[in-house]
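Novice: Generate coordinates for the sequence data below:
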Amino acid sequence: GEVPASTASPSPTSPVPTTSAAPAPAAPTTAAPSATGTPTGPAEVVAEGLPLPWSVVALPDGSSLLSLRDEARVVRLTAAGDVVEVPTTSPDGTFGGALPRGEGGLLGLALSPSFGEDGLVYAYVTREGDNAVVRAVLSDDGLGEPETVLEGIPRAQVHNGGRLAFGPDGLLYVTTGDARQPELAQDPASLAGKVLRVTPDGEPAPGNPTEGSPVWTLGHRNVQGLGWDAQDRLYASEFGQDTWDELNLLEPGRNYGWPEVEGPGGQDAADAGFTDPLVWWRPSEASPSGLAVTDDAVWVSALRGQRLWRVPVATSPEGGPVGQPEPYLVGEHGRLRDVAVAPGGGALRVLTNDGDGEDQLLRLPLG
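Specialist: Numbers count the residues shown, from 1 in each chain. Now for the predicted structure:
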C-alpha cells in the first residue's frame, strides 16, 4: 500500500523469470520520444512547491499538464518552467467532479491520440460514489466542461487504481484497484481489480477477451503504472499487500492472481490459471506507482521504497527481463509517484510525492 517509507532493511530482489510475449496490437500511433541507458548525472529540479502531484503528461507545445490529487486541480508547467493554474468550468477550480479522500482524487491524465485535432484531455477521478474517466477540451481558456466516458468503477479510501494510457492501438487502457474488496478482482463482471480496454468514447473495445466487456486483464490488487515497449508489449506495476509488489507483462484475458496469489505462485498457480509476475519486490523497497518504458528498460517509481527501479528488458521479439533490477535515487528525493520519458527523449521525468506541499518534478538525464 501507499504507506510511509519503512525503516526495515530491503530484502533482495527476486530472481527474474522469463515469459512469453504478448501479441502486438495493430495500427500503431506516433512513437513516443526515445531514451536509453542509465542515469548520467543527478536529478535536476524542473518544478517545485507542488502539492501531491500524481500524473504528468507532455503537451505538443513543450509544456506539460500535472494533476494534483488532493486539490483536484490541474496545473500547467510552461516550456519556460513556470507552474500556472489551468482554469476549469468549476467555480472552485477543481476538475471532473473529483472528491479527494484517502488515496482517491484527481489521479491519472492522458491525452487523446488525436490531441492535435480534438484537444481532449482524459482524467481518472474519484467522485462521490465511484471512480470514473472524464474528458474535456483543453484550449487557451483552460479545460472545458468535462464529459464522463466511463463510470461505475468501485471506489474506496485506498486501492482506486487510477492510471490512464492510450496504447499503440489507439485505445484507452484504465487501471482500477480492488477498492478493498479483494474478491472483486476475480469477478469478471466487476470493474474493480482490473485493467480495462475501451474506445476513446468509453465503450468496450473490439477484440477484448470477452465481447462487450471492457475487461482486458483481471486479478489485480492496485495497478498504478502502464507502459508499452517497442514491440507493443504492455507492462504494469502493481501494489502487493504484505509480501510482494509486482511488475507484470499483461496479456489479454490473463488472470494475475489477486487475492489467491501474491507475487509468484509457480506451477501450482499456473495450474490454477494464474500468471506469475515478471519481477517482484518487498513492499519496503517498492510500493510501485508510475511506470515508463525506454528503449532498453522498464522504469518503476517507488513510494515506500523511495527509489526508481530500472528493469532491463530485451529488445528482441521474445522480450522479457534480461537482468536484475537496478535501484536509482535511493532515498534522495523521498517517495516517487510517477515517471515518464521527458519531452524530446534522452531523459526521464520523475514526480516526488511526500505530501508536504513541496513536491518536485525532476529531470533525470540518461545515456
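Novice: residue ranges with poor pLDDT in this structure?
Specialist: Residue ranges of the chain with pLDDT under 70: 1, 3-32, 319-320.
Novice: let's see 90
Specialist: Applying pLDDT under 90 to the chain flags the ranges 1-34, 230, 314-323.
Novice: just checking, what's the longest helix in it?
Specialist: Using DSSP state H, we find that the single longest helix of the chain is helix 266-271.
Novice: Packing partners of the helix or strand just after that one?
Specialist: Remark: after helix 266-271, the chain's next helix or strand is strand 279-281, criterion DSSP states H and E. For strand 279-281, the packing partners by 3 or more C-beta pairs under 8 Å, 6 or more residues apart in numbering; DSSP states H and E come out as strand 245-250. For glycine as for every other residue, the C-beta is placed from the backbone atoms N, C-alpha and C.
Novice: Paired strands for the strand it packs on, with orientation please.
Specialist: strand 234-238 (antiparallel), strand 279-281 (antiparallel) (DSSP bridges).
Novice: Not counting its own residues, what contacts the longest one?
Specialist: Taking contacts as C-beta atoms under 8 Å, 6 or more residues apart in numbering, the residues outside strand 234-238 that touch it are 22, 167, 173, 175, 195, 217, 220-229, 245-250, 256, 258, 277-278, 288-291, 293, 298, 300.
Novice: please redo it, this time with the cut-off set to 7 Å
Specialist: By C-beta atoms under 7 Å, 6 or more residues apart in numbering, the surrounding residues in contact with strand 234-238 are 22, 167, 175, 195, 220-228, 245-250, 288-289, 291, 293, 298, 300.
Novice: how close does D232 get to V261?
Specialist: Applying C-beta to C-beta, to the nearest Å, the value for D232 to V261 is 27 Å.
Novice: between those two, which one's more packed in?
Specialist: Taking D232 and V261 together and counting by other C-beta atoms under 10 Å, V261 has the greater number of neighbours (21 against 16).
Novice: I'd say the more buried one and F274 touch.
Specialist: Yes: counting by C-beta atoms under 7 Å, V261 touches F274, with 5.1 Å between them.
Novice: ranges for the helices of the stretch 1-150 of the chain?
Specialist: Here the stretch 1-150 of the chain has its helices, by DSSP state H, counting those that start in this stretch, at 115-118.
Novice: Run a quick check on G323 versus V313, I expect a contact.
Specialist: No: here G323 lies out of contact with V313, judged by C-beta under 7 Å, at a distance of 8.9 Å.
Novice: Between those two, which is the more surrounded one?
Specialist: More crowded of G323 and V313, by other C-beta under 10 Å: V313, with 26 against 12.
Novice: can you tell me which strand in the protein is longest?
Specialist: strand 131-139 (DSSP state E).
Novice: Skipping adjacent residues, who's closest to S287 in space?
Specialist: Spatial nearest neighbour of S287, excluding adjacent residues (C-beta to C-beta, 6 or more residues apart in numbering): R304 at 3.6 Å.
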